[in-house]
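Peer 1: My questions are about this predicted structure, shown below with the sequence.
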Amino acid sequence: MKNEPKVSIVMGSQSDLETLQQAADVLREFGIAHELRIISAHRTPDAAHRFATSAEERGVKLIIAGAGKAAHLAGVMASLTLLPVIGVPMKTSDLGGLDSLLSTVQMPGGIPVATVAIGKAGARNAALLAVAILAQQDKDLRERLAAYRAEMTRSVEEADSELCAKGTAEG
Ligand code: RP5
């Protein structure tokens, strides 16, 4: 995006990109300038430090951090900035993402990470949570979020009407 990113989406590995792309897609839908970066708490710790400590002065308002397995990225980001950090636990091949979930959500008291669901649903929700936070200072964005919710409600009601019209009564 040409604009200064308001939301940074950072991930521990290129293998996380397919999942975190969901967050980027939601932010694009809402017209929120964002950036995607691959930075690892374990493999590139110096870059992680530089990134987190400079994010606020670059105009970033919020960080979404996705990582898997012994997932420290969101916690490390949160420890190095006063910006809110939303953690997205990656689904993993060994433990299904429970490993990522517990290592992201179980922050000791003092340094919070707002942790969402495992995998792609979590990535989408991380972006929607970012939208809700930014919407507190942006009336237009709040209206777009309300319209998004209304559309979701409408599509469920439509699916329900179609199901009822088919006649689902049994026996
Ligand atoms: C974490 O290790 C990454 O966030 C990724 O989810 C996981 C596995 O990384 P790769 O071995 O696929 O690069 O740091």
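Peer 2: Nice, thanks for sending it over.

Peer 1: Flag the shaky bits of this protein, pLDDT-wise.
Peer 2: 1-2, 168-171 (pLDDT under 70).

Peer 1: for it, what spans make up the strands?
Peer 2: All strands of the chain, identified by DSSP state E, fall at 7-11, 34-38, 62-67, 85-89, 114-115.

Peer 1: do you know which of those lies nearest the ligand?
Peer 2: Evaluated over those, closeness to the ligand peaks at strand 62-67, with 3.5 Å, by C-beta to the nearest ligand atom. Every residue, glycine included, has its C-beta placed from N, CA and C.

Peer 1: What strands line up against the closest one, and which way round?
Peer 2: Sheet pairing here is set by DSSP bridges, and for strand 62-67 it gives strand 7-11 (parallel), strand 85-89 (parallel).

Peer 1: Please list the outside residues in contact with that strand.
Peer 2: With C-beta atoms under 8 Å, 6 or more residues apart in numbering as the test, strand 62-67 has contacts from 6-13, 16, 19-20, 23, 40-41, 52, 55, 73-74, 77, 81, 83-90, 100, 104, 113, 122-123, 126-127, 130, 133-134.

Peer 1: then stretch 73-86 to PDB, C-alphas only?
Peer 2: The C-alpha atoms that make up stretch 73-86 are tabulated as PDB, following Å, rounded to 0.1, in the frame of the first residue of the first chain:
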ATOM      1  CA  LEU A  73       6.600 -13.800  18.400                       C
ATOM      2  CA  ALA A  74       3.500 -12.000  19.700                       C
ATOM      3  CA  GLY A  75       4.800 -12.000  23.200                       C
ATOM      4  CA  VAL A  76       8.200 -10.700  22.200                       C
ATOM      5  CA  MET A  77       6.500  -7.900  20.100                       C
ATOM      6  CA  ALA A  78       4.300  -7.000  23.000                       C
ATOM      7  CA  SER A  79       7.200  -6.800  25.400                       C
ATOM      8  CA  LEU A  80       9.000  -4.300  23.100                       C
ATOM      9  CA  THR A  81       6.200  -1.800  22.300                       C
ATOM     10  CA  LEU A  82       3.200  -0.100  23.900                       C
ATOM     11  CA  LEU A  83       1.100  -0.800  20.800                       C
ATOM     12  CA  PRO A  84      -1.700  -3.400  21.200                       C
ATOM     13  CA  VAL A  85      -0.600  -6.800  19.900                       C
ATOM     14  CA  ILE A  86      -3.000  -9.400  18.600                       C
END
